[in-house]
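> what's the 3D shape of this:
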Amino acid sequence: MAELRTSVASGVGWAAVQKWSVRLASVLTFVVLGRLLGPADIGLVTLALACLGVIGVVAELGVTTFLVQTESWDEEVRSTAFWTALVLSFAAGGLVAGLAVPLAALLGQPRLAPVLVALAPVLVLTSLSDVPTAILQRELRFREIAVREMVASLLSAGVGVALAVEGAGVWALVAQSLSQAAVGTVMVWRMSAWRPTRSFSRAAFTELRRFGGPVLGFNIMLAIRDRLEQFLLGALLGVSALGYWAVAMRLLALLADVSVGVLDSVALPMFAATRGQPERFRRAFGQALASTQVLLVPVLVVLAVVSPVVVPWAFGPHWTPAVLPAQVLCLAYGIGGLAYFNRAALLAHGRSGVECLLVGAAMATRLVIVVVVAPHGLTALAWAFSADSLCTVVLGAVALRRTLGVQPRALSRPAGIVVSGGLITLAALAFVHLLAAGPVAGAFSGAALALAGVAVAMWAMNATLLRQLAGDVQQLVRRRVPA
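Have a look, this model is predicted:
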């Protein structure tokens, strides 16, 4: 257990370096592009990437997940997975190009078709990196993964900003996506010594298909669920409204990525390593869940308090309509964090069918919510998403108890932190209103008050965990810094 904890701590450390450096560059790039481009440009590329994401899951077939968790680990398995993913990626790319014009007409966005055609090669480039990336993850080589992500993000950011400055408009975002995929693929092949052979095993393909079939099914549903509001908002309200929504969601996704995304990078290998040892798994799952709220809730509270000042200042006053939806979505993300590791836990135990059912239920709920609530505005949609997140957490808790023996009481302390964070945020916003200071002074005074309150709440509920996390950080520092 100690060896596993050391490997996981090292992985978390490198994942943190990767997430924080990449997302810092991403935030800065997004701020620059938000000032250079309008909501319609960002909304159009968001819509294109949503289409690409739904069709692109066909090309992946759960290859990375399969290779990380499978006990069949030989050359035939790896090469079979590579050639399967490559063929599927070409098919998916061709499908995107072929459906570009009909999709653009269906969504009422004629500018969408050429953007889709230009982005189709991203699917092939991503597929080329699936197997070597899985090998690095299985070997816990998180340092190489971090370096790859950092370099690809920085170089593609430079490409996007340079083209935006030159007036390329929406094509600056297209070039950024293409260059990021290309650089990441080249780097992962340079880092991995593995090369595919010409071997193709029918038995390995059958194993991949049996695992990947349910994974593919719920990946498609997950992709549709996560992008459904983008399709419908683009079709019902236009790409400008989608642009505002995309900025609000992007802010939340970035914060989640630099906090709980650090743990997500190592969750599947960690849970897979404890498979067959129920007590160790439940301890690892509980610790990951508690750590999620320790990392996520403070950043959500700060964003909810300071976004009325930060969003217009960073992106420009034309992005002010994104402020209130972003504040409400902080609640949705906080609640959703309670189910953040359900997927990794189920996949690590080969329960992809259960995850498929959960994603299907979530997709159906999301469809109803967007169709019914979206016409009432983005803020109403954000509130509806908060309620949807709560339903997802309840269903996930029931599924984990029945399939993996994880008791609902594992959610009690993390849920307490979420509730405390919400109440503290409301108190901080009320304080800012009563303070009647300038917008900057008021927002940051409120953020300081909120952070102090969250710190007290977390210490009261998770003092042991905080001490353990502090010890892990100190251990990592000692290992990286020579005496």
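> for stretch 342-358, the distance to its chain's centre please.
Distance of stretch 342-358 from the chain centroid (C-alpha atoms, centre = their mean, to the nearest Å) equals 17 Å.
> Any buried residues in it, and which?
342-349, 351-352, 354-356, 358 (16 or more other C-beta atoms under 10 Å). Just so you know, the C-beta spots here come from the backbone N, C-alpha and C atoms, and that holds for glycine as well.
> ok, how many other residues are close to the residue lying closest to L236 once chain neighbours are set aside?
Computed as C-beta to C-beta, 6 or more residues apart in numbering, the closest residue to L236 that is not its neighbour in sequence is A374, at 5.7 Å. A374 sits with 20 neighbouring residues when counted by other C-beta atoms under 10 Å.
> Check L435 too.
Counted with other C-beta under 10 Å, residues neighbouring L435 total 14.
> doesn't G442 make contact with it?
Yes. Counting by C-beta atoms under 8 Å, L435 does reach G442; the two are 5.2 Å apart.
> now this structure, which segments are flagged as low pLDDT?
Low-confidence segments of the chain (pLDDT under 70): 1-27, 58-62, 69-72, 212-219, 222, 225, 258-266, 462-483.
> That one - how does it break down into domains?
1-237, 259-483 (automatic domain parsing).
> How far away from the center of its chain is the shortest one?
Distance, stretch centre to chain centre, for domain 259-483: 12 Å (C-alpha atoms, centre = their mean).
> Likewise for the longest one?
How far domain 1-237 lies from its chain's middle: 12 Å, per C-alpha atoms, centre = their mean.
> follow-up on the earlier one: can you redo the buried residues of stretch 342-358 as JSON lines with secondary structure?
Formatted as JSON lines, these follow (DSSP: H, G, I helix; E, B strand; the rest coil):
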{"residue": "N342", "secondary structure": "helix"}
{"residue": "R343", "secondary structure": "helix"}
{"residue": "A344", "secondary structure": "helix"}
{"residue": "A345", "secondary structure": "helix"}
{"residue": "L346", "secondary structure": "helix"}
{"residue": "L347", "secondary structure": "helix"}
{"residue": "A348", "secondary structure": "helix"}
{"residue": "H349", "secondary structure": "coil"}
{"residue": "R351", "secondary structure": "coil"}
{"residue": "S352", "secondary structure": "helix"}
{"residue": "V354", "secondary structure": "helix"}
{"residue": "E355", "secondary structure": "helix"}
{"residue": "C356", "secondary structure": "helix"}
{"residue": "L358", "secondary structure": "helix"}
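> Show the contacting residues for the residue nearest to L236.
Each residue near A374 by C-beta atoms under 8 Å, 6 or more residues apart in numbering is listed here: E229, L232, L233, L236, L237, L381.
> burial of the fifth one, as a residue count?
It refers to L237. Counted with other C-beta under 10 Å, L237 comes out at 18.
> what separates the nearest residue to it once chain neighbours are set aside from F211, distance-wise?
Spatial nearest neighbour of L237, chain neighbours left out: A374 (6.7 Å); criterion: C-beta to C-beta, 6+ apart. Per C-beta to C-beta, to the nearest Å, A374 is found 36 Å from F211.
> What is the burial count for Q293?
Around Q293 there are 30 residues (other C-beta under 10 Å).
> With L178 instead?
19.
> pretty sure T65 is in contact with G350, am I right?
No. Contact between T65 and G350 fails when scored by C-beta under 8 Å: they sit 10.7 Å apart.
> what's the overlap in contacts for those two?
Shared contacts of T65 and G350, defined by C-beta under 8 Å, 6+ apart, are found at F211.
> just to revisit the earlier point, closest one to L252 among the domains of the chain?
Judged by C-beta to C-beta, the one of the domains of the chain that comes nearest to L252 is domain 259-483, at 5.0 Å.
> Provide the backbone phi and psi angles at the residue nearest to L236.
Backbone torsions for A374, taken as degrees, to the nearest 10, come to phi -50, psi -40.
> residue ranges for the helices of the stretch 51-200 of the chain, please.
63-69, 75-107, 112-119, 121-128, 130-138, 142-165, 170-191 (DSSP state H, counting those that start in this stretch).
> Show me the one of these that comes nearest V393.
helix 63-69 (22.6 Å).
> contacts for that closest one?
Everything outside helix 63-69 that qualifies as a contact, by C-beta under 8 Å, 6+ apart, is 73, 77-78, 81, 84-85, 130-131, 133-135, 137-138, 208, 211-212, 215, 268-269, 272, 275, 347-348, 350.
> For ChimeraX, what selects the buried ones among the residues you listed?
In ChimeraX, a selection of the buried entries from these looks like this (16+ other C-beta under 10 Å):
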select :77,78,81,84,85,130,131,133,134,135,137,138,208,211,212,215,268,269,272,347,348
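> Report the buried residues of the host helix or strand of T392.
Using DSSP states H and E, T392 sits within helix 378-404. For helix 378-404, the neighbour count (16+ other C-beta under 10 Å) marks 378-386, 388-390, 392-393, 395-397, 399-400, 404 as buried.
> Would you mind measuring from the residue nearest to E229 when sequence neighbours are not counted to A253?
With C-beta to C-beta, 6+ apart as the criterion, E229 has its nearest non-adjacent residue at 4.8 Å, and that residue is V370. For V370, the distance to A253 equals 18 Å [C-beta to C-beta].
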